[in-house]
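*Asks:* Fold the stuff below for me.
(one chain, ligands or ions: 1)
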Amino acid sequence: MIFESHAHYDDEAFDGDREELLGSLRERGIGTVVNVCAAVDGLDDTVRLMEQYPFVYGAIGVHPDEVGSMDAQVLEKIQTLSRHPKAVAIGEIGLDYHWDTESHDTQKKWFCAQMEIARQEKKPFIIHSRDAAEDTLRTMKELRAGDMYGGVIHCFSYSVEIAREYLDMGLYLGIGGVLTFPNGKKLKEVAAYAPLEQILLETDSPYLSPVPNRGKRNSSLNLPYIAKELANIKGITYDQVVDITENNARKLFGL
Ligand code: NI
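*Replies:* Below you'll find the model as predicted:
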């Protein structure tokens, strides 16, 4: 069954039909979901979801756009929640110089602080990096020297050259709806280059719906479109894509 490695079901976009949607996933081939926390007020919601649904796991962390509401207490809360038996990763954390909601120094400070929790708690990490290729890579290389656990660069949006650096570090690339976009050529090149054993499927729901649902609210039910596109690019079967990416996710998240 398909492993959804990155969705935000705590988002208000799902307030109207969250139970119905999540309740229908397994019968429609989505076996496991990692709900990824992004904002400080999503921490408790993520815990609630993973306690309510047997197939939902959680990533605990605060997105770079949201680190303005971080302080020592929130950091402590992240560390405590990361010990929950269904918390499988620290994330999403990283750098976003596209929206530039917070200063680069503030973003780096909380990125590193949350990576330190991942190191201490021996958890994989889920990285968000947008228009910040150089600083993310530099930070990752410094932190790898401190013997980090594995992780995924989610919604990978950079070149093959940058992909190679992360793949060489043994990290995974998260690939989602952009793969199906007519202007997704760069990501198609990365998908062709990266070994399937280092790719995770994701939607980033409610964002980034694949073609043919582009522009609408996204959900894990759209993952087959992404898996089919990846199968075409790799010249393998849909089932191979689903099986191998599920194995990859289980290995990374220890499930
Ligand atoms: Ni996300």
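*Asks:* Could you check how far Gly61 is from Gln114?
*Replies:* Noted for Gly61: a distance of 5 Å to Gln114, by Cβ to Cβ, to the nearest Å. (Each C-beta comes from the backbone N, C-alpha and C, glycine too.)
*Asks:* To clarify, my last question referred to Tyr172.
*Replies:* Tyr172 is 18 Å from Gln114, by Cβ to Cβ.
*Asks:* for Phe181, same thing?
*Replies:* Taking Cβ to Cβ, one finds Phe181 at 30 Å from Gln114.
*Asks:* quick one, which of these two is more surrounded?
*Replies:* Gln114 (26 against 15; other Cβ atoms under 10 Å).
*Asks:* Would you report the backbone torsion angles of the more buried one?
*Replies:* phi -80, psi -30 (degrees, to the nearest 10).
*Asks:* quick one, what contacts it?
*Replies:* Gly61, Val62, Leu75, Ile78, Ile90, Ile93, Phe125 (Cβ atoms under 8 Å, 6 or more residues apart in numbering).
*Asks:* how deep is the first one tucked in, by neighbour count?
*Replies:* Just to be clear, that refers to Gly61. Around Gly61 there are 33 residues (other Cβ under 10 Å).
*Asks:* quick one: contacts for it?
*Replies:* Taking Cβ under 8 Å, 6+ apart as the test, what Gly61 contacts is Val36, Cys37, Ile78, Ala89, Ile90, Gly91, Glu92, Ile93, Gln114, Phe125, Ile126.
*Asks:* What score does the second one have for pLDDT?
*Replies:* So the one you mean is Cys37. Looking at Cys37, its pLDDT stands at 97.
*Asks:* so it touches Glu66, yeah?
*Replies:* No. Checked against Cβ atoms under 8 Å, the pair Cys37 and Glu66 is beyond contact range at 9.7 Å.
*Asks:* in the helix or strand where Ala191 lies, what's buried?
*Replies:* Using DSSP states H and E, Ala191 sits in helix 185-193. Of all the residues in helix 185-193, those buried under the rule 16 or more other Cβ atoms under 10 Å are Leu187, Lys188, Val190, Ala191.
*Asks:* again with stretch 245-255
*Replies:* Buried, per 16+ other Cβ under 10 Å, within stretch 245-255: Thr245, Glu246, Asn248, Ala249, Leu252, Phe253.
*Asks:* How many residues are close by Lys141?
*Replies:* 11.
*Asks:* That one in helix, strand or coil?
*Replies:* The local conformation at Lys141, judged by DSSP: H, G, I helix; E, B strand; the rest coil, is helix.
*Asks:* which residues touch it?
*Replies:* Met169.
*Asks:* ok, Arg26 touching Pro54?
*Replies:* No. Using Cβ under 8 Å, Arg26 is not in contact with Pro54, being 9.3 Å away.
*Asks:* Looking at those two, which one has more neighbours?
*Replies:* Shown here are Arg26 and Pro54; by other Cβ under 10 Å, Arg26 has more neighbours (15 against 10).
*Asks:* So what does the closest residue to that one other than its chain neighbours look like in phi/psi?
*Replies:* Leaving aside its sequence neighbours, Arg26 sits nearest to Phe55 (Cβ to Cβ, 6 or more residues apart in numbering; 6.2 Å). Per-residue torsions, Phe55: phi -90, psi 0 (degrees, to the nearest 10).
*Asks:* From what I see, Phe55 and Val34 are in contact.
*Replies:* No. In this structure Phe55 lies outside contact range of Val34 using Cβ under 8 Å: 10.2 Å.
*Asks:* circling back to that earlier point, next SSE downstream of the helix holding Ala191?
*Replies:* strand 199-201.
*Asks:* Show the average pLDDT along that following strand.
*Replies:* In the prediction, strand 199-201 has an average pLDDT of 98.
*Asks:* For Phe55 and Val34, work out which one has more neighbours and name it.
*Replies:* Just comparing Phe55 and Val34: by other Cβ under 10 Å the higher neighbour count belongs to Val34, 28 against 15.
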